[in-house]
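Asker: Build me a model:
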Amino acid sequence: MDIRRLPASQGLVWFRQAIDLGAKNPRAVFGAALLAIAALYAAVLVMVLVLTTFMLGGKATGKTPDLGVVMAVALPLTLAIMVLVPVLLGGLMHVIRETEAGRPVRARDVFVPLRSAQGRRLAWLGVVQVVLAVVGGLLMMAIAGGDYWRDYLHAMQSAMQGATPVLPEPQHPGLLFLVQLAFNYFSYALMLFSIPLMLFSGEHLGATLRNALQASVRNIGANLLAGVLFLGALMLAAFVVLLVAGLLGVLGSLIHAAVGSLLAMLAMLGFAAVVLVLVAGAAYLAWRDTFGDASMPPPLQPIHGFEA
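Answerer: The predicted model follows:
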């Protein structure tokens, strides 16, 4: 597969274009993002209920919940959620792609990948994410030192028992930070490129991971610029949204406490939907410009402004 070499300034183009995503059909795009969030929240809620029931059952018998047993219960549930994430992101990218191509699409089409064999293959990316998490954990353990993670687990167990945890200090904190930065870049780039490669380009898992890794290396400048712009905008927007949510909560509380909580929650939910659309949209745009999309050729002219 041909992997185009793009200038670093393309990251700014993706950032600008991602801001305008959904303007053609906001009901479908942002509705799909809200449905994806609702599905993930439902899965997390099931996980929390199972873990809470297990831990409360242990306390009812007078026994302190064993951390190892809790992890044995939590890990399969976490794996199920991680398998669901790439499928829902792929569904959101599908909605964005159909919208940008001018084809009819609905918010519930975010679940389209669940109805196709090609879309269900995205679940393998969740397994890849688990493998990356294990590899990353072993790498960080080697740098931070085995004592650090042992003391960290003891601190977490103390927190579960109601005590105030004392977090340990890792060895080589500077090196640990740099390695984490590089590892996070490649793992996130690998996953975000792999989803459209499997769903739209029809690549199998092995070819997908290879092409995604090559794209993350070849266009590291554009990818990093887009990531830095996104993180900067995210931190600024999160600060503003927190202020707005707090204000709405105070104003709503003048009517009733439940109204204030509802208004604050709706503001945060809307912000989460916008962030999800930006992440999925930027990943789709990066795939389209890096690998090509037969249904909608990439724009050749740079963008000089923002659409309202």
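
Asker: And the strands in the stretch 101-250 of the chain, which stretches?
Answerer: In the stretch 101-250 of the chain, no segments count as strands under DSSP state E, counting those that start in this stretch.

Asker: Low-confidence bits of it, can you list those?
Answerer: For the stretch 101-250 of the chain, the stretches with pLDDT under 70 are 146, 160-163, 165-166.

Asker: Show me the helices in it, by range?
Answerer: 117-120, 123-144, 146-160, 173-199, 205-218, 220-253 (DSSP state H, counting those that start in this stretch).

Asker: Let me have those helices in a markdown table, extended by distance to A33 and mean neighbour count.
Answerer: All C-beta spots, glycine's among them, are computed from the backbone N, C-alpha and C. Shown next, in a markdown table, are the helices of the stretch 101-250 of the chain (distance: least, CB to CB, whole Å; neighbours: other CB atoms under 10 Å):
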| stretch | distance to A33 | mean neighbour count |
| --- | --- | --- |
| helix 117-120 | 17 | 13 |
| helix 123-144 | 19 | 16 |
| helix 146-160 | 32 | 14 |
| helix 173-199 | 15 | 18 |
| helix 205-218 | 23 | 18 |
| helix 220-253 | 15 | 15 |
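
Asker: The ones you listed: which one's closest to L6?
Answerer: For L6, the closest of those is helix 220-253, at 4.9 Å, according to CB to CB.

Asker: what's the closest one packed up against?
Answerer: Here helix 220-253 touches helix 10-20, helix 173-199, helix 257-291, going by 3 or more CB pairs under 8 Å, 6 or more residues apart in numbering; DSSP states H and E.

Asker: Let me have these in a markdown table, extended by distance to G246.
Answerer: Shown next, in a markdown table, are those (distance: least, CB to CB, whole Å):
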| stretch | distance to G246 |
| --- | --- |
| helix 10-20 | 25 |
| helix 173-199 | 30 |
| helix 257-291 | 7 |
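
Asker: wait, which of these is closest to A237?
Answerer: Of all these, helix 257-291 sits nearest to A237, with 7.1 Å by CB to CB.

Asker: Give the buried residues for the closest one.
Answerer: Under the neighbour-count criterion of 16 or more other CB atoms under 10 Å, helix 257-291 has 260, 263-264, 267-291 buried.

Asker: Skip the chain neighbours and tell me the closest residue to R5.
Answerer: R218 (5.7 Å; CB to CB, 6 or more residues apart in numbering).

Asker: what do you get for A189?
Answerer: Using CB to CB, 6+ apart, the closest residue to A189 is S216 (3.6 Å).

Asker: how about that neighbour, what does it touch?
Answerer: Going by CB atoms under 8 Å, 6 or more residues apart in numbering, S216 touches 185-186, 189-190, 193, 223.

Asker: Pipe the residues you listed into TSV and attach distance to A133 per row.
Answerer: Formatted as TSV, the contacts of S216 follow (distance: CB to CB, whole Å):
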residue	distance to A133
Y185	15
F186	13
A189	16
L190	12
F193	18
N223	21
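
Asker: okay, among those, which ones form the most distant pair?
Answerer: Greatest spacing in the contacts of S216, by CB to CB: Y185 and F193 (12.0 Å).

Asker: Rebuild the helices of the stretch 101-250 of the chain as CSV, extending it with distance to V85.
Answerer: Formatted as CSV, the helices of the stretch 101-250 of the chain follow (distance: least, CB to CB, whole Å):
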stretch, distance to V85
helix 117-120, 13
helix 123-144, 6
helix 146-160, 24
helix 173-199, 9
helix 205-218, 16
helix 220-253, 18
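
Asker: wait, which of the ones you listed is closest to L167?
Answerer: Nearest to L167 among these is helix 146-160 (5.6 Å), distances taken as CB to CB.

Asker: packing partners for that closest one?
Answerer: If you count contacts as 3+ CB pairs under 8 Å, 6+ apart, helix 146-160 packs onto helix 67-100.

Asker: Does E203 touch L197 like I think?
Answerer: Yes: here E203 reaches L197: they are 4.7 Å apart, a contact under CB atoms under 8 Å.

Asker: what sits in contact with each of the two?
Answerer: Jointly contacting E203 and L197 under the rule CB under 8 Å, 6+ apart are N211.

Asker: Would you list the phi and psi of R4?
Answerer: Phi and psi for R4, reported as degrees, to the nearest 10, are phi -70, psi 140.
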